[in-house]
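Participant: predicted model, plus sequence, below.
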Amino acid sequence: MSGHSKFANIKHKKEKNDAAKGKIFTIIGREIAVAVKEGGPDPANNSKLRDIIAKAKANNMPNDTIDRGIKKAAGDANSVNYEVVTYEGYGPNGTAIIVDALTDNKNRTAANVRNAFTKGHGNVGTQGCVSYMFDKKGQIIIAKEDYETDPDELMMTALDAGAEDFSEEEECYEIITAPEDFSVVRQALEDAGIPMAEAEVTMIPQNYVELTDEQDIKNIQRTLDLLDEDDDVQMVYHNWDE
């Protein structure tokens with residue numbers, strides 16, 4: 001999953017094949033397990049779990065699958081031993097890539113991530129080498145095809161709940177929040193019955209890098225595809241202007 005785009009990503013998600021859907025369900029399942037271990041199985045008292053359940057529903061994860069994941073994590077909390085790890089590095093022409101992973105084997109994950117960078121003729125760097133080029137923000141995307149009410153009303157709902165910014169794109173609305181305000185804003189939109197195509201805390205590039213060389217484009221796509229295929233990888237952020 002590349003966590004930087006807007007409606008193009010939404011359309012892509014809607015057209016996901018079964019293998020890709022299995023991947024996103026694996027990602028969310030691990031996030032549920034970690035959230036339950038950290039804050040308990042009751043979404044009413046665990047805002048992180050509430051946010052992940054909302055993300056699961058936005059990705060059409062069945063309710064019984066969500067419930068099973070919560071019960072399994074609550075009943076077997078000692079078996080949840082995933083660690084959060086982040087890798088940073090460079091793709092072609094200085095493109096910046098950040099990889100978030102949840103893993104039970106850091107050596108395996110590190111080797112796989114390094115392999116993905118190497119095969120795309122990039123390299124893994126040190127912690128902090130590219131993250132300063134991104135802003136950590138809550139990002140909520142509402143597709144225009146799902147929301148036909150007055151955009152001014154949507155904007156006021158979001159801003160009144162604590163959002164930092166609201167913008168209208170060609171096919172969607174984008175709401176930006178500070179990371180600590182994300183849960184409150186997302187909950188306010190949910191309570192107002194507003195359908196969200198995407199809602200998560202993400203890393204938004206401050207600037208984008210355009211690639212014009214065909215081989216550079218193939219190389220970065222190779223890296224992103226390999227990272228996408230890795231079950232340990234939760235999110236990939238980059239500043240390539242696709």
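Facilitator: Yep, that arrived. This is a predicted model, so every value here is computed, not measured. Numbering: from 1, shown residues only.
Participant: what's the longest helix along the chain packed up against?
Facilitator: For the chain, the helix with the greatest residue count under DSSP state H is helix 18-39. Applying 3 or more CB pairs under 8 Å, 6 or more residues apart in numbering; DSSP states H and E, we find helix 18-39 packed against helix 47-58, helix 63-75, strand 96-103, strand 233-238. Any C-beta I mention is one placed from the backbone N, CA and C, and that applies to glycine too.
Participant: run the angle between it and helix 47-58 for me.
Facilitator: Relative orientation of helix 18-39 versus helix 47-58 (axes from the mean of the first three to the mean of the last three CA atoms, to 10 degrees): 160 degrees.
Participant: helix 18-39 vs strand 96-103, what angle?
Facilitator: Put simply, helix 18-39 runs at 70 degrees to strand 96-103, going by the same axes, to 10 degrees.
Participant: and helix 18-39, which residues are buried?
Facilitator: Under the neighbour-count criterion of 16 or more other CB atoms under 10 Å, helix 18-39 has 23-25, 27-37 buried.
Participant: for residue 161, give me its contacts.
Facilitator: When contacts are counted by CB atoms under 8 Å, 6 or more residues apart in numbering, residue 161 is found next to 181, 184-185, 187-189.
Participant: can you list contacts of the longest helix of the chain?
Facilitator: 1, 13, 16, 45-49, 52-53, 55-56, 59-61, 65-66, 69-70, 72-74, 77, 80, 82, 84, 102, 228-229, 231, 234.
Participant: buried among those? Need that as a selection in PyMOL.
Facilitator: The buried residues among the contacts of helix 18-39 can be selected in PyMOL (16+ other CB under 10 Å) with this line:
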select buried, resi 1+13+46+47+48+49+52+53+55+56+59+61+66+69+70+72+73+80+82+102+234
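Participant: which residue ranges make up the domains of the chain?
Facilitator: Under the assignment automatic domain parsing, the domains of the chain span 7-79, 83-132+206-238, 135-205.
Participant: need the least confident one among the ones you listed, by mean pLDDT.
Facilitator: Per-segment mean pLDDT for those reaches its minimum on domain 7-79, at a mean of 80.
Participant: how far off centre is that domain?
Facilitator: Mean-position distance between domain 7-79 and its chain equals 12 Å (CA atoms, centre = their mean, to the nearest Å).
Participant: sorry, back to before: and the two most separated of the buried residues of helix 18-39?
Facilitator: Spanning the widest gap among the buried residues of helix 18-39 are 23 and 37, at 21.9 Å by CB to CB.
Participant: now do residue 105 against residue 231, distance only.
Facilitator: 11 Å (CB to CB, to the nearest Å).
Participant: now do the strands in this protein.
Facilitator: Ranges of strands in the chain, per DSSP state E, are 83-90, 96-103, 123-124, 134-143, 165-168, 172-177, 198-205, 233-238.
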